[in-house]
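**Student:** Turn this into a structure:
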Amino acid sequence: MKREAKSRTVALLGDDAVNRLENARVAVVGLGGVGGHVLETLARAGVGSFVLVDGDNVEESNLNRQIIATVDTLGKSKAEAAKERVLSINPLADVDAVTQRLTAANADSILSGNTDYIADCIDSLPDKVALVCFAEKKGIPIISACGAGNRSGLCDFEICDVYKTQYDPLARKLRSMLRTAGVKKLDVCYTRELPQKTAGVASVPYNPALCGIKMGGHIVLSLADKLHRDKNS
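**Tutor:** Below you'll find the predicted structure:
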């Protein structure tokens with residue numbers, strides 16, 4: 001990404017923080033409604049290197065909320081479509097697209113390189129817990145998405161420890177599984193708005209986007225704050 005494209009970010013965060021973002025490598029696991037907007041935020045903030053993980057292809061039902069879903073990407077691998085989008089924003093980015101689902105069995109091989117942060121946007125609870133346990137084992141900062149579907153109101157998403165969440169059924173199940181796995185802390189992005197009862201999972205365009213942008217911003221500020229702490233330690 002050329003310097004002019006980063007000028008407004010530099011004006012707020014400073015040169016050192018933007019340089020830190022340029023040198024950061026972030027894994028975004030799950031590239032649906034939430035994950036795509038996490039990625040969009042990180043790419044436009046100038047993060048220089050990505051690992052993008054998703055085993056699904058773009059489908060018509062994704063068009064209502066997923067930023068990588070267009071009529072031109074229908075049928076494409078989500079990981080490859082996401083890679084193309086990042087490179088359309090920042091042709092200098094280093095992007096690895098992994099076209100398979102992350103599980104406990106393959107997490108080590110998929111995320112084998114150095115990673116500065118992980119965005120967990122997985123729907124499957126067992127795979128989510130496997131990723132969180134991997135991150136804890138490797139000492140990699142991670143933030144996990146909780147429920148954004150089945151909510152039609154304009155939700156207020158917040159970031160906190162999963163053990164302090166309220167009203168989110170997915171977070172409640174996640175807490176129980178993490179407690180069994182021995183994980184004592186996890187940053188999550190969630191809303192207190194209760195999900196509606198629907199036939200299957202329903203969604204609107206704005207809530208996955210709000211959740212993803214909140215997560216992406218948290219990662220950007222975390223990387224910048226880490227630089228700040230390093231400079232003042």
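
**Student:** Can you give me every residue that contacts the nearest residue to residue 62 once chain neighbours are set aside?
**Tutor:** In space, and not counting its chain neighbours, residue 62 is closest to residue 69: 3.8 Å by CB to CB, 6 or more residues apart in numbering. Placement of C-beta: from N, CA and C, glycine included. Contacts for residue 69 were tallied using CB atoms under 8 Å, 6 or more residues apart in numbering; they are 36, 58, 59, 62, 63, 81.

**Student:** Could you tell me how many residues sit around the second one?
**Tutor:** Taking other CB atoms under 10 Å as the criterion, the count of residues near residue 58 is 25.

**Student:** helices or strands up against the helix or strand harbouring residue 134?
**Tutor:** For residue 134, the enclosing helix or strand under DSSP states H and E is helix 125-138. Judged by 3 or more CB pairs under 8 Å, 6 or more residues apart in numbering; DSSP states H and E, helix 125-138 is in contact with helix 107-110, strand 117-120, strand 142-145, helix 169-181.

**Student:** biggest helix in the chain, by residue count?
**Tutor:** The residue-count maximum for a helix in the chain (DSSP state H) belongs to helix 206-232.

**Student:** A strand includes the residue nearest to residue 62, no?
**Tutor:** No: Residue 69 is assigned coil when assessed by DSSP: H, G, I helix; E, B strand; the rest coil, not a strand.

**Student:** And the residue positioned nearest the centre of the chain, how close does it get to residue 15?
**Tutor:** Geometric centre of the chain, nearest residue: residue 119, 3.4 Å, by CA atoms, centre = their mean. Noted for residue 119: a distance of 25 Å to residue 15, by CB to CB, to the nearest Å.

**Student:** And residue 181, by the same measure?
**Tutor:** From residue 181 over to residue 15 (counting by CB to CB), the distance is 41 Å.

**Student:** do the same with residue 220
**Tutor:** From residue 220 across to residue 15, the span is 15 Å (CB to CB).

**Student:** go on, residue 85?
**Tutor:** To residue 15, residue 85 is 26 Å away according to CB to CB.
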